[in-house]
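Peer 1: just the structure for this:
(one chain, ligands or ions: 1)
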Amino acid sequence: MDIEGETFDDLLRKSLQLLLERGHPIEPTKKKAIELIGVCLRLENPRARFSRTENRGVLYSALGETLWYLSGSDEFDPIEYYIQGYRKHCGSPPADVKSSEAAYGPRLASQMEFIKEQIRKRDTRKAVISIYRQADQQNQYDVPCTCILQFFPRSGALHAMAQMRSNDVYMGMAHDIFAFTMLQELLARSASLEVGTYIHQVGSFHLYDKDRTKAEKYLKRGVPDTVPMDAMPEGDPEGGLSWLLGMERALRVGKAMPDASDIDPYWQDLARLLQVRQLRKAKDRVGLRAIREGMHTKVYHTFIQDEISKA
Ligand SMILES: O=c1ccn([C@H]2C[C@H](O)[C@@H](COP(=O)(O)O)O2)c(=O)[nH]1
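Peer 2: Reported below is the predicted structural model:
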């Protein structure tokens with residue numbers, strides 16, 4: 001089954017429609033759901049990577065999770081900061097288990113140099129990152145949902161494909177597509193390539209019964225206009241990314257923030273988005289307004305406006 005779309009919202013709408021029409025009921029250990037097996041999504045504009053629907057505030061948690069992956073960490077604490085209950089999703093290990101046995105971060109980090117080299121080879125078919133590995137069959141609490149990520153440098157563009165054994169379409173997919181298309185853009189920039197198409201292949205494509213009403217409401221509201229994220233600045237993204245990772249850590253643990261003077265506005269705006277999450281928690285309207293005014297891009301204005309009115 002193939003689903004095509006220009007934006008993430010296009011894909012989400014078509015996916016939910018298909019599941020509601022043709023999904024089969026299943027009852028695994030993790031609650032009842034409806035499922036389709038073997039679904040392939042194509043996202044034509046990988047920068048249109050987050051849902052514009054105002055009550056699905058995944059932008060902040062997806063950015064937090066992406067940075068957690070890119071930091072190489074497997075510890076629960078940093079990701080729980082963005083997604084409360086993450087441990088629960090990972091099979092509820094006892095409190096003394098501080099890290100996730102299925103975390104993508106360390107696996108990505110150890111294959112990053114390899115993949116950067118591979119995508120410099122014209123038309124390669126070997127640019128593969130393995131997330132899932134045989135040893136995962138013995139895991140106690142959790143198994144990675146993503147099996148491989150493959151990258152295709154073709155005619156000046158970098159296409160990417162993720163293969164997932166299991167994907168929760170309502171919540172998980174938004175986070176996964178956000179993270180993998182960010183990785184696609186980072187790699188494309190590191191090899192001076194344009195961003196191509198993103199392909200998302202899923203074994204068990206499912207919607208939990210508990211999310212059915214929310215999914216129906218999402219469909220009824222209609223697809224909002226999608227404004228894609230700005231393009232990442234050209235050139236090696238390494239400096240900007242490591243600055244952003246430093247900022248993320250500083251904001252989360254309350255340390256001094258790194259100097260931003262040489263940092264491209266693209267990265268500074270992402271750091272401002274991280275601050276939105278904090279100011280929202282503190283119900284700091286003045287701070288949120290200052291963030292909105294300081295943003296170089298208009299892309300996130302409606303999101304921040306939303307937070308200001310809720311604060
Ligand atoms: O990156 C991820 C990680 C997890 N899940 C969802 C898929 C399943 O709903 C659940 C994992 O359950 P099992 O497939 O392991 O039973 O978490 C995702 O959608 N994406």
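
Peer 1: can you pull out the strands in the stretch 101-250 of the chain?
Peer 2: Secondary structure of the stretch 101-250 of the chain (DSSP state E, counting those that start in this stretch): strands at 128-130, 146-154, 157-168, 194-208.

Peer 1: so which other helices or strands are in contact with the first one?
Peer 2: Spelled out, that is strand 128-130. For strand 128-130, the elements it packs on are helix 105-118, strand 146-154, judged by 3 or more C-beta pairs under 8 Å, 6 or more residues apart in numbering; DSSP states H and E. Backbone N, C-alpha and C define where each C-beta goes, glycine included.

Peer 1: in the stretch 101-250 of the chain, what residue lies closest to the ligand?
Peer 2: Gly172 (2.1 Å; C-beta to the nearest ligand atom).

Peer 1: now the closest residue to Leu12 other than its chain neighbours: how far from the ligand?
Peer 2: Closest residue to Leu12 apart from its sequence neighbours, by C-beta to C-beta, 6 or more residues apart in numbering: Ser51 at 6.3 Å. Distance, Ser51 to the ligand, by C-beta to the nearest ligand atom, to the nearest Å: 15 Å.

Peer 1: need the helices and strands packed on strand 128-130 in CSV (columns: mean neighbour count and distance to Val97).
Peer 2: Compiled in CSV, the helices and strands packed on strand 128-130 are given as follows (neighbours: other C-beta atoms under 10 Å; distance: least, C-beta to C-beta, whole Å):
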stretch, mean neighbour count, distance to Val97
helix 105-118, 16, 15
strand 146-154, 20, 21
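
Peer 1: could I get the ones you listed as JSON lines with distance to His24?
Peer 2: Shown next, in JSON lines, are these (distance: least, C-beta to C-beta, whole Å):
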{"stretch": "helix 105-118", "distance to His24": "32"}
{"stretch": "strand 146-154", "distance to His24": "22"}
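
Peer 1: how about the closest residue to Asn139 other than its chain neighbours, what does it touch?
Peer 2: With sequence-adjacent residues excluded and distances taken as C-beta to C-beta, 6+ apart, Asn139 is closest to Glu101, at 5.0 Å. Contact analysis of Glu101 by C-beta atoms under 8 Å, 6 or more residues apart in numbering lists Asp74, Asp136, Asn139, Gln140, Tyr141, Asp142.

Peer 1: so what's the backbone phi/psi at the nearest residue to the fifth one once chain neighbours are set aside?
Peer 2: To tie it back to what came earlier, the one meant is Tyr141. Nearest non-adjacent residue to Tyr141, counting by C-beta to C-beta, 6+ apart: Gly91, 3.2 Å away. Backbone torsions of Gly91, given as degrees, to the nearest 10, read phi 80, psi 20.
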